[in-house]
Every structure is written in C-alpha cells, then in structure tokens.
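below: sequence and its predicted model.
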Amino acid sequence: MKPNKLSIQAFGPFAGTESIDFSLLGSNPLFLINGPTGAGKTSILDAICFALYGQTTGNEREPAQMRCNYADAATLTEVVLDFDLGGNSYRIRRIPMQDRPKSRGEGITTQQPEAQLWLLDGSPEGRLMVAKSVSDATSEIRQLLGLDVEQFRQVMVLPQGKFRELLMADSREREKIFAQLFQTQIYKHIEDQLKLKASEIRRDVEEHQNKIKGILQIAEVNTEDQITEELESFKTELTYALKNKEQAQEQQTQASTNKEQATTLKGRFDNLAKKESELAEKSEYQPEINSKQNVLDKAIT
C-alpha cells in the first residue's frame, strides 16, 4: 500500500485542514517525518490508520477523542486518504462520531460515524464502493490490504514505541502477520497436503506391518528371515517331491501299458479257448460224418 495524499481536518492537533502530498516524494522508498514534540508527527500516522480502519495507531484514544479541541464547532473532523494498491488507486474518507451544530435552528446534535470508499478509475468522481457504512468500509480495506488493524499497526505503521511490540510478539503472532503480509497461504496448503499424504503413507505402512505380523503368527515364526529360510527348505523338499512324482508317473504309465498288453493277451487267449471249444464240439460229430460219407461214396459207385 502506497499513500498518495492525506487530508486532515480538525483532527488531533490540526484545527484546520492540512494536506500532505506524498506523491511529491517520487519513488523514494524512505522519508523522514521530523518536528518538535507535540507537532503532530504521530497524528499523521494516526490519521492514516484511522482513515483505513477507523482506529488510531496506538489504540490509546477512541476515534471520537481525536477531534481537535481548538477546531471551529462548525468544522467536521474528517480524514481523507488516497492510496495505491495492486495497480489500482483508492480513496477513503472517514468521519468519527462527534458533536456538531444542528443544520437547522440552534443546539448541538451528534454526528454519527461514517465512511466512504471509492475506486479511482479515472472517472470524475470514481466508482463508489462503500457509501456510508463504517463496518463495510473496514471490511473492504481488510480484504484489499490482507491485514487487520493490529497487523497493520505492527507491520505498516510502527509508531513511536511500537516497533518493540513487533519484536516482542510471540512466534505464532509473527508467523500469522508475515504469512498474510507475504501471502504464504499456498505454501501452507502444500505443507498441509504433504502432511496428509505422509499420514496416509504412515497408516498404509502400519497396516502392511500388521498384516505381516498376522502372517508370521500363522506361520509360527518371529521374523521374515525365518520365513525365507523355511521357504528355502520347502524348495528342496518340493524338488525332491517333484522328482518322486515324475518317477511315480513313469511307473504308472508303464503299469498302464502293461495292463493294456495283458488285457490284449487275455483277449487272445479267451478267443483261442473259444475256438478250441468249438473245435471239440465239432470233433464229436466226426464219426457220424465219416459214416455218412461212406454211405455216400457207396451210393455213387
């Protein structure tokens, strides 16, 4: 955030209207606000902080107490700040709660606090972002700057005696301030994602280790090395068993072949026995056949 112009009216020690044109400093990053005690140096910082957040730098006085005691009763206390941020220009105007003469008739009335915020887009009046609401203006400023009033006091303003507060702030508060100042949310998001991934990996490892423990208990061993040793032992036994299996299969094949040959041979023997039985039956009729053959031979001759 770079201030361009500050207009102060009936604020702090300034009874009238005072303007500071910061643009006259050009591109100089450093400048000195100098003056005797009570000249209003801190009031300039108060005015900047009040314009943005509606509070002073030290939070020692209420905004309503910032009205100059020597200002004319008809002169409203107000602060107007023009500033650049992120390539855009803005103007904010704030009026604290104060007593003022009535517009009509005699007497005093209470002026309620109000705030206006414009985006200076090149048009004559600029684009009005907040018309009157103090809280809406403060909310818009917090969103634009990314800092609340306490962080702005510690990081951007640092009035007299306040620099020590930043140095003495605890690490968590400084981390919060610098995280918002340097927009480190993306790194925090990456850190959170890495932590989540590491947690998932750790959980998977634990589940895997528990499964291994269960397997070891079932196998009645204590370590994976013992399982490896038993597997090597089983490999030797398995090789021997496979060899015996092959031999048994060969013997079974030979036995099947012998059985088939025996079955074939038995069939041949059975057939031969049948033929012999048939031949024996036919031999019983041989004498009768011979007798008939003799009769036939005599009949022919």
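That came in fine, so what should we check first?

and the strands in the stretch 201-301 of the chain, which stretches?
Shown for the stretch 201-301 of the chain, no strands are assigned by DSSP state E, counting those that start in this stretch.

and for the stretch 1-150 of the chain?
Going by DSSP E, counting those that start in this stretch, the stretch 1-150 of the chain shows strands at 2-11, 14-21, 78-85, 88-95, 98-101, 108-111, 114-119, 127-130.

any chance of these in CSV, with distance to Arg153 too?
C-betas here are computed from N, CA, C, even on glycine. Converted to CSV, the strands of the stretch 1-150 of the chain look like this (distance: least, Cβ to Cβ, whole Å):
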stretch, distance to Arg153
strand 2-11, 15
strand 14-21, 20
strand 78-85, 16
strand 88-95, 16
strand 98-101, 23
strand 108-111, 26
strand 114-119, 19
strand 127-130, 22
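
okay, those strands in TSV with mean neighbour count next?
Converted to TSV, the strands of the stretch 1-150 of the chain look like this (neighbours: other Cβ atoms under 10 Å):
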stretch	mean neighbour count
strand 2-11	20
strand 14-21	14
strand 78-85	21
strand 88-95	20
strand 98-101	15
strand 108-111	12
strand 114-119	20
strand 127-130	15
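
and the ones you listed as a markdown table, adding mean pLDDT?
A markdown table is the format used below for the strands of the stretch 1-150 of the chain (pLDDT from 0 to 100):
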| stretch | mean pLDDT |
| --- | --- |
| strand 2-11 | 94 |
| strand 14-21 | 93 |
| strand 78-85 | 95 |
| strand 88-95 | 96 |
| strand 98-101 | 91 |
| strand 108-111 | 92 |
| strand 114-119 | 96 |
| strand 127-130 | 95 |
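
so which of those is nearest Thr236?
Proximity to Thr236 (Cβ to Cβ) singles out strand 78-85 among the strands of the stretch 1-150 of the chain, at 79.9 Å.

sheet-wise, list the partners of that closest one with their directions.
Pairing partners of strand 78-85, with direction, according to DSSP bridges: strand 2-11 (antiparallel), strand 88-95 (antiparallel).

just the CA coordinates for that strand, please, in PDB.
What follows is strand 78-85, C-alpha atoms only, in PDB (Å, rounded to 0.1, in the frame of the first residue of the first chain):
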ATOM      1  CA  GLU A  78     -12.600  14.100   8.900                       C
ATOM      2  CA  VAL A  79      -9.700  12.300   7.300                       C
ATOM      3  CA  VAL A  80      -9.400  11.500   3.500                       C
ATOM      4  CA  LEU A  81      -6.600   9.200   2.200                       C
ATOM      5  CA  ASP A  82      -5.700   8.500  -1.400                       C
ATOM      6  CA  PHE A  83      -3.600   5.400  -1.800                       C
ATOM      7  CA  ASP A  84      -2.300   2.900  -4.500                       C
ATOM      8  CA  LEU A  85      -2.600  -0.800  -4.100                       C
END
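
that one versus strand 14-21: what angle between them?
20 degrees (axes from the mean of the first three to the mean of the last three Cα atoms, to 10 degrees).

and strand 78-85, how far out from the chain middle?
38 Å (Cα atoms, centre = their mean, to the nearest Å).

give me the contact list for that strand.
Strand 78-85 has contacts (Cβ atoms under 8 Å, 6 or more residues apart in numbering) with 1-11, 47-48, 50-52, 89-95, 120, 144-145.

re earlier: can you list the strands paired with strand 78-85 in a markdown table and add distance to Arg61?
Below are the strands paired with strand 78-85 laid out as a markdown table (distance: least, Cβ to Cβ, whole Å):
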| stretch | distance to Arg61 |
| --- | --- |
| strand 2-11 | 11 |
| strand 88-95 | 15 |
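
among the ones you listed, which is nearest Ile289?
Taking those one by one with Cβ to Cβ, strand 88-95 is closest: 140.2 Å.

contact partners for Leu120?
Contacts of Leu120 (Cβ under 8 Å, 6+ apart): Asp82, Asn88, Ser89, Tyr90, Arg91, Gly126.

specify which member of these is nearest to Gly214.
Asn88 (63.9 Å).

what's opposite the closest one in the beta bridge?
Residues in beta-bridge contact with Asn88 (DSSP bridges): Leu85.

do you know how far it is from Leu119?
6 Å (Cβ to Cβ, to the nearest Å).

cool, Thr138 as well?
Thr138 is 16 Å from Leu119, by Cβ to Cβ.

again with Gln252
97 Å.

run a quick neighbour tally on Gln247.
Per other Cβ atoms under 10 Å, the neighbour tally for Gln247 reads 10.

retrieve the pLDDT associated with it.
In this model, Gln247 is scored at 88, pLDDT.
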